[in-house]
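Chemist: Sequence below, structure please.
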Amino acid sequence: MWAELLPVGRSSASGGYRRYAWTPADTDCRTWFREQAEARGLTYETDRNGNQWAWLGDPAAGDAVVTGSHLDSVPDGGAFDGPLGVVSAFAALDELRGRGARLTRPLGIVNFGDEEGARFGLACVGSRLTTGALTVEQAHRLTDGDGITLPQAMEAAGHDPETIGPDPERLARIGAFVELHVEQGRALDLSGDRIGIASAIWPHGRWRFDFRGEANHAGTTRLADRRDPMLSYAETVLAARREAELAGAVATFGKIAVEPNGVNAIPSLVRGWLDSRAADQESLDTVVGGVEKAAREYAAAHGADLDVVRESFTPVVEFDHALRDELARILGGDTGTDLRVPVLGTGAGHDAGILSGRVPTAMLFVRNPTGVSHSPAEYAAEDDCVAGVSALADVLEGLART
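Modeler: Model prediction:
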């Protein structure tokens, strides 16, 4: 399975993946998912929001145990973020069948669409639509860099955009959702553990900073006469680093758009996107508030105007404590294994976090020895991935027998 999926959407120039929502690479990933489901005799379906599902047993019976993740990527992303959870889900099912496991609850595998938000700027679109966290009106206003709207992209890929919206009937099928994911950090590597259980997802969001100045000639305009928004933006990037360090949080300006974007032109507009995350809401508010305050001071000093727009936000997610404790019990002493499974928090958002407000959710992490994520250098050793499959199979069997 892993070998079949690896070439899909891979850039020969960077070695990273460009699997953006509703593109040919995304279509190839969806085809792969459907083929894996049908090869195992599972019931396959695509829901109204473009998420893919594969079912063992009757999903209409309710109280299903569901696992999975996503197959799309960030620009030039790694091979593990998302796909590891989907590949491991099918592999765990194979493991359960090999054991002759007898399950009393339906088992589902899901590929959530557009989790990374690389094309339309909003993460977890598929799961947000399903839960109602993203309204139909908001979804219709999403556009990519070429001005193509989400509905237009979905229709071009063969999906009817008129069907999108909240899907409470499908959510009602789910009794528990467990997402396996490569760790996006080095906590497990530092502790020497292969597998971890998530405790919570830090609150996080994305803010767009629009610095507007005056376009002019780079060679003939005196420095004193310039209204250069790039200066305000550059100083704001440094301010974000300072504010994050003071609060023990993280803040990143990782995307920028410049107009008119000429080498010999002073910009009229510099648009930068801030991603910030912290262990608690107060710390996050402190960081973002500090960055915005500094940005407005810098803009005023350089004669620029500033607009700040919050494009997305996810509050802190505390995963279901009872389900989390049940995972720890299944993977701990009650199974007779010597597997140590630490509980750790994460600053990364996931579909499991979006679903957590509607169904009991939990997450398993697989060790990432480099700690690198959203990059071609993202990595997990094969024996750790196999340990992840085994742990996921244990969890699914333990949950689906009760």
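Chemist: okay, CA-based contacts and neighbour counts for the rest of this
Modeler: Will do.
Chemist: Report the buried residues of stretch 128-137.
Modeler: Buried residues in stretch 128-137, defined by neighbour count with 16 or more other Cα atoms under 10 Å: 128-131, 133-134, 136.
Chemist: Spatially, which two of these are the most separated?
Modeler: Pairwise distances across the buried residues of stretch 128-137 (Cα to Cα) peak at 11.5 Å, for the pair 131 and 136.
Chemist: Spell out the residue ranges of the helices in the stretch 201-350 of the chain.
Modeler: 229-247, 281-301, 321-331 (DSSP state H, counting those that start in this stretch).
Chemist: now do the stretch 51-200 of the chain
Modeler: In the stretch 51-200 of the chain, the helices defined using DSSP H, counting those that start in this stretch lie at 83-99, 125-131, 136-140, 150-156, 168-171, 187-191.
Chemist: And the contacts of the second one?
Modeler: For helix 125-131, the external contacting residues (Cα atoms under 8 Å, 6 or more residues apart in numbering) are 49-51, 112-115, 117, 134-136, 164-168, 171, 351, 354-355, 358.
Chemist: ok, 6 Å please
Modeler: Contacting residues not belonging to helix 125-131 are listed as 49, 112-114, 134, 165-167 [Cα atoms under 6 Å, 6 or more residues apart in numbering].
Chemist: Now do the helix or strand harbouring residue 38: distance to the chain's middle.
Modeler: According to DSSP states H and E, residue 38 maps onto helix 24-39. In terms of Cα atoms, centre = their mean, to the nearest Å, the centre of helix 24-39 is found 19 Å from the chain centre.
Chemist: What are the buried residues along it?
Modeler: Using 16+ other Cα under 10 Å as the burial criterion, the residues of helix 24-39 that qualify are 25-27, 29-30, 33-34, 36-37.
Chemist: packing partners for that helix?
Modeler: Packed against helix 24-39, as judged by 3 or more Cα pairs under 6 Å, 6 or more residues apart in numbering; DSSP states H and E, are no other helices or strands.
Chemist: Quick one: list the elements packing against the helix or strand that that helix is followed by.
Modeler: Counting by DSSP H and E, the next helix or strand C-terminal to helix 24-39 is strand 43-46. Contacts defined by 3+ Cα pairs under 6 Å, 6+ apart place strand 43-46 against strand 52-56.
Chemist: let's see 7 Å
Modeler: Applying 3 or more Cα pairs under 7 Å, 6 or more residues apart in numbering; DSSP states H and E, we find strand 43-46 packed against helix 24-39, strand 52-56.
Chemist: Distance to residue 11 and mean pLDDT for those - can I get that in TSV?
Modeler: Converted to TSV, those look like this (distance: least, Cα to Cα, whole Å; pLDDT from 0 to 100):
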stretch	distance to residue 11	mean pLDDT
helix 24-39	11	98
strand 52-56	25	98
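Chemist: can you redo the ones you listed as a markdown table with distance to residue 367?
Modeler: Listed next are the helices and strands packed on strand 43-46 as a markdown table, based on distance: least, Cα to Cα, whole Å:
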| stretch | distance to residue 367 |
| --- | --- |
| helix 24-39 | 24 |
| strand 52-56 | 27 |
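Chemist: Residue 4: which of these is closest?
Modeler: Closest to residue 4 of the helices and strands packed on strand 43-46, according to Cα to Cα: helix 24-39, at 8.2 Å.
Chemist: Give me the residues contacting the closest one.
Modeler: Under the contact criterion Cα atoms under 7 Å, 6 or more residues apart in numbering, helix 24-39 has outside partners 8-9, 19-20, 44, 54, 71-72.
Chemist: which one of these has the most neighbours?
Modeler: Per-residue neighbour counts (other Cα atoms under 10 Å) across the contacts of helix 24-39 peak at residue 72, which has 31 neighbours.
Chemist: And the nearest residue to that residue once chain neighbours are set aside, how close does it get to residue 281?
Modeler: Spatial nearest neighbour of residue 72, excluding adjacent residues (Cα to Cα, 6 or more residues apart in numbering): residue 19 at 4.8 Å. To residue 281, residue 19 is 32 Å away according to Cα to Cα, to the nearest Å.
Chemist: what do you get for residue 270?
Modeler: Distance from residue 270 to residue 281, by Cα to Cα: 28 Å.
Chemist: Those two: who's more crowded?
Modeler: residue 270 (24 against 15).
Chemist: How about that one, nearest residue that isn't a chain neighbour?
Modeler: Nearest residue to residue 270, sequence neighbours excluded (Cα to Cα, 6+ apart): residue 258, at 4.7 Å.
Chemist: can you give me the offset of stretch 184-203 from its chain's centre?
Modeler: What separates the centre of stretch 184-203 from the centre of its chain is 16 Å, taken as Cα atoms, centre = their mean.
Chemist: What of stretch 92-102?
Modeler: Centre-to-centre, stretch 92-102 and its host chain are 29 Å apart (Cα atoms, centre = their mean).
Chemist: swap in stretch 97-116?
Modeler: With Cα atoms, centre = their mean as the basis, the mean position of stretch 97-116 lies at 20 Å from the chain mean.
Chemist: This completes my enquiry, with thanks.
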